[in-house]
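Participant: Give me the fold of what follows.
(2 chains)
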Amino acid sequence: MSQSAPRRADLRLIAELVTRGGRVLDVGCGDGTLLETLETEKQVKGQGIEIRNNRVEACMRRGLTVIQGDADTDLPDFPDRAFDYVILSQALQNMHRPREVLDQLLRIGQRAIVSFPNLGHWRARLTLLWRGRMPIVETNGMPRSWYDTPNIHLCTIRDFLLMCETLGITVEEGHAVGRDGSLRRLGAGTAWETLWTHQAVYVLTRSGRPASGG
Amino acid sequence: MEIETAAVDFEPIFALDGKLKLQSQVELAGTECAYQTYGTLNADRSNAIMICHGLTGDQYVAGTNPLTGRAGWWNHVVGPGLVLDTDRYFVICTNVLGGCLGTTGPSTINPDTGQPWNMDFPVFTVADMVDLQVHLIDALGIDQLFAVIGASMGGMMALDWAVRHSERVFASIPVAASWRHTAQNIAFHEVGRRAITADADWHDGAYRGLGVKPEKGLAAARMVAHITYLSETAFQEKFGRELPRDSKLSFVLDPEFEVERYLDHQGKTFVQRFDAASYMYLTRAMDYFDLAARHDGDLAAVFKGVGTRFLLVSFTSDWLFPTAESRTIVRALNANAADVSFIEIPADYGHDSFLIESATDFHDVLEGFLDGSARRRGLKP
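Facilitator: Numbering: from 1, shown residues only, chains lettered A, B, ... in the order given. Got it, this is the predicted structure:
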């Protein structure tokens, strides 16, 4: 399975952000590439949730711990603070209820790492503005049209940060991943950052109000 | 062809010292357990896998079954280089308590009377079957099983092992299982039992020594049960409305359709290898199974503090122990942040998909999970 440069860079960055030896839940873990990396390089105790059967099977072939399940419905089962990190890599936009999912991530994990494509990127804006077409966001390296994309809740990094604020979630750090896989630190999500960020990776924690419970 | 169980040597047989204390508080003396092993126990005794067979299964998972002369029921899974690799693992399978292939049950002799137990045999549970296995691994000097794996009734046992003997099981693999027998499950079993007791040759279970067996009843019970083991699709694809010979209706009430003849065959071969009284007791044990009963129905509480690693597997076309049952277990395990994997395997065959040689997806998943578990357990490849 070939992966695009930003996808690989995204996974590499996440692997670096996770501290050694912790408990990690990868929500939407796909074929388990990230989990396997985390287990071999960071000695984490990893678990994955994946909805597609063939991906779950791929994870199992690798000897990973994975549940065939649905992040939209299964996260409330887990107890508070069950994991050191809960990762949602390139899956936020596939969720039916991204707000509830994000809320759950920070209930069951000390920290959440969330990566997603930024629809505020100048290319996306240009596509809509000049060509009058929906921007196409690659899914697993495949460009998908609006009618067959699994991306049902795309957002910009400003949208995302606003939602975090509403949910009482603190952004610990942010990174921009370029189309060529290059990395750059992100700040407060300025208009400038929103325009120039292809994909974003945020490390989140909840310092404000207590976890909302299941 | 009539198969005589008495003529078969079920060695090795483990004889329990002291009494087996049952859930019913009855203490069973002189309990014996017939078992088979495959492969070699390693030096630190860490590579043992216990296979728990289903309702009418037996200890002959691989090689030739001496009773039927046919290959073991999991011959394509257990063996050198196979998924349960006997070059690597030490595989144990016991005939469960109450079974009829060498282990103490209604067909064996009551030491107090010198006569077969028949219906005087105490009613036992899935937990009792597991406890007998615990005594066996004690005798074999095994502190902790690397894995317990079982499907259907065996899956109930795999769950019970992990819940009541958690420290003695590194990994538990309940396949096509449930945390409790449902009303529908119990209902089907009751139809089977009724068929047996309605047979004129049943004699209140005291048919031994009379030269008869309730074969018609037991065959009917098997026919009903067999329908529940397959999916509608499997029946349709295998038989459809096919008629033998000239494909014309004969306008008779005797078995005529291929599916009828198939079920008839299933019933007839079954009664040659299985005892009706054992069937009565074992179905009852399954009916009694309810993991959550001891915690007022709170399944999550059952798994509190359980350190065993789990793999649950269900099959899409299994309507007897459907995916929802496994999912309920997974949710209860998640509530404890337990180490659990779960997959629903696409399979058309129904509940019995776990027995099918072509279920390669299932076998790949098993192998991957065992490899991953062996890594975590520190077992040498």
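
Participant: List the pairing partners of the helix or strand containing residue B:36 within its sheet, with orientation.
Facilitator: Per DSSP states H and E: residue B:36 is located in strand B:32-38. Sheet pairing for strand B:32-38, assigned by DSSP bridges, gives strand B:13-15 (antiparallel), strand B:90-94 (antiparallel).

Participant: C-alpha coordinates for that strand, PDB please?
Facilitator: Extracted in PDB, the C-alpha atoms of strand B:32-38 (Å, rounded to 0.1, in the frame of the first residue of the first chain):
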ATOM      1  CA  GLU B  32     -11.300 -39.000  35.300                       C
ATOM      2  CA  CYS B  33     -10.500 -36.800  32.300                       C
ATOM      3  CA  ALA B  34      -9.400 -38.200  28.900                       C
ATOM      4  CA  TYR B  35      -7.200 -35.900  27.000                       C
ATOM      5  CA  GLN B  36      -4.800 -35.700  24.000                       C
ATOM      6  CA  THR B  37      -1.700 -33.600  23.600                       C
ATOM      7  CA  TYR B  38       0.200 -32.500  20.500                       C
END
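
Participant: The helix or strand just after it packs against which elements?
Facilitator: Under the assignment DSSP H and E, the closest C-terminal helix or strand after strand B:32-38 is strand B:48-52. Counting contacts by 3 or more C-beta pairs under 8 Å, 6 or more residues apart in numbering or on different chains; DSSP states H and E, strand B:48-52 is packed against strand B:90-94, helix B:126-139, strand B:145-151, helix B:153-164. Heads up, the C-betas are built off the backbone N, CA and C, glycines and all.

Participant: any idea how far the residue of chain A most remote from its centre is from chain B?
Facilitator: Centroid-distance maximum for chain A: residue A:130 at 29.3 Å, with C-alpha atoms, centre = their mean. Remark: distance between residue A:130 and chain B (C-beta to the nearest C-beta, to the nearest Å) = 45 Å.

Participant: Tell me if that residue really is in a strand.
Facilitator: No - under DSSP: H, G, I helix; E, B strand; the rest coil, residue A:130 falls outside any strand and is assigned helix.

Participant: In chain A, where is pLDDT below threshold?
Facilitator: Low-confidence segments of chain A (pLDDT under 70): A:1-3, A:208-214.

Participant: Can you give me every residue that contacts the residue positioned nearest the centre of it?
Facilitator: The geometric centre of chain A, computed from its C-alpha atoms, lies nearest to residue A:89 (C-alpha atoms, centre = their mean), at 2.7 Å. Listed by C-beta atoms under 8 Å, 6 or more residues apart in numbering or on different chains, the contact set of residue A:89 reads A:10, A:11, A:14, A:26, A:28, A:34, A:113, A:114, A:115.

Participant: ok, the residues you listed vs chain B, which is closest?
Facilitator: residue A:26 (13.0 Å; C-beta to the nearest C-beta).

Participant: Provide the backbone phi and psi angles at the closest residue to residue B:313 other than its chain neighbours.
Facilitator: Among residues not flanking residue B:313 along the chain, residue B:175 sits closest, at 4.5 Å (C-beta to C-beta, 6 or more residues apart in numbering or on different chains). When read as degrees, to the nearest 10, the backbone of residue B:175 gives phi -110, psi 140.

Participant: And residue A:160, by the same measure?
Facilitator: phi -60, psi -50.

Participant: How about residue B:76?
Facilitator: Per-residue torsions, residue B:76: phi -80, psi 0 (degrees, to the nearest 10).

Participant: Verify the stated contact: it with residue B:84.
Facilitator: No - counting by C-beta atoms under 8 Å, residue B:84 is not a contact partner of residue B:76; they are 10.3 Å apart.

Participant: Looking at the two, which is more packed in?
Facilitator: Each of residue B:76 and residue B:84 has its neighbours counted (other C-beta atoms under 10 Å in any protein chain shown); residue B:84 has more, 23 against 17.

Participant: What residues are recorded as beta-bridge partners of that one?
Facilitator: Beta-bridge partners recorded for residue B:84 (DSSP bridges): residue B:78.

Participant: need the strands for chain B, in chain order.
Facilitator: B:13-15, B:20-21, B:27-28, B:32-38, B:48-52, B:78-79, B:84-85, B:90-94, B:109-110, B:115-116, B:145-151, B:169-175, B:309-315, B:340-345 (DSSP state E).

Participant: For the residue in the stretch 1-150 of chain B positioned nearest to chain A, which residues are in contact?
Facilitator: Residue nearest to chain A within the stretch 1-150 of chain B: residue B:83 (12.1 Å; C-beta to the nearest C-beta). Contacts for residue B:83 (C-beta under 8 Å, 6+ apart) come out as B:77, B:363, B:366, B:367, B:370.

Participant: could you dump these to TSV with distance to residue B:199, neighbour count and pLDDT?
Facilitator: TSV is the format used below for the contacts of residue B:83 (distance: C-beta to C-beta, whole Å; neighbours: other C-beta atoms under 10 Å in any protein chain shown; pLDDT from 0 to 100):
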residue	distance to residue B:199	neighbour count	pLDDT
B:77	35	24	98
B:363	39	19	97
B:366	39	22	97
B:367	44	18	97
B:370	43	25	97
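
Participant: and those residues as JSON lines, adding distance to chain A?
Facilitator: JSON lines is the format used below for the contacts of residue B:83 (distance: C-beta to the nearest C-beta, whole Å):
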{"residue": "B:77", "distance to chain A": "16"}
{"residue": "B:363", "distance to chain A": "11"}
{"residue": "B:366", "distance to chain A": "9"}
{"residue": "B:367", "distance to chain A": "8"}
{"residue": "B:370", "distance to chain A": "8"}
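
Participant: Residue 194: how many residues sit nearby?
Facilitator: All of this is about chain A. 22.

Participant: The intended chain is chain B.
Facilitator: By the criterion of other C-beta under 10 Å, residue B:194 has 14 neighbours.

Participant: Residue B:348 too?
Facilitator: Counted by other C-beta under 10 Å, the residues lying close to residue B:348 total 16.

Participant: and what of residue B:242?
Facilitator: 12.

Participant: Once you drop chain neighbours, what's closest to it?
Facilitator: residue B:258 is the one closest to residue B:242 (C-beta to C-beta, 6+ apart), at 4.1 Å.

Participant: which residues does that neighbour contact?
Facilitator: B:239, B:240, B:242, B:243, B:244.

Participant: Next, work out how far apart residue A:5 and chain B are.
Facilitator: Applying C-beta to the nearest C-beta to residue A:5 and chain B gives a distance of 29 Å.

Participant: Ramachandran angles for the closest residue to that residue other than its chain neighbours?
Facilitator: Spatial nearest neighbour of residue A:5, excluding adjacent residues (C-beta to C-beta, 6+ apart): residue A:181 at 3.8 Å. Main-chain torsions, residue A:181, degrees, to the nearest 10: phi 90, psi 0.

Participant: if I pick residue A:181, what's in contact with it?
Facilitator: A:5, A:6, A:8, A:9.

Participant: Can you name the residues of chain B that neighbour chain A?
Facilitator: Within chain B, the positions near chain A by C-beta under 8 Å from any C-beta of the partner chain are B:309, B:311, B:327, B:330-331, B:334-337, B:339-346, B:361, B:364-365, B:367-369, B:371-373, B:375.
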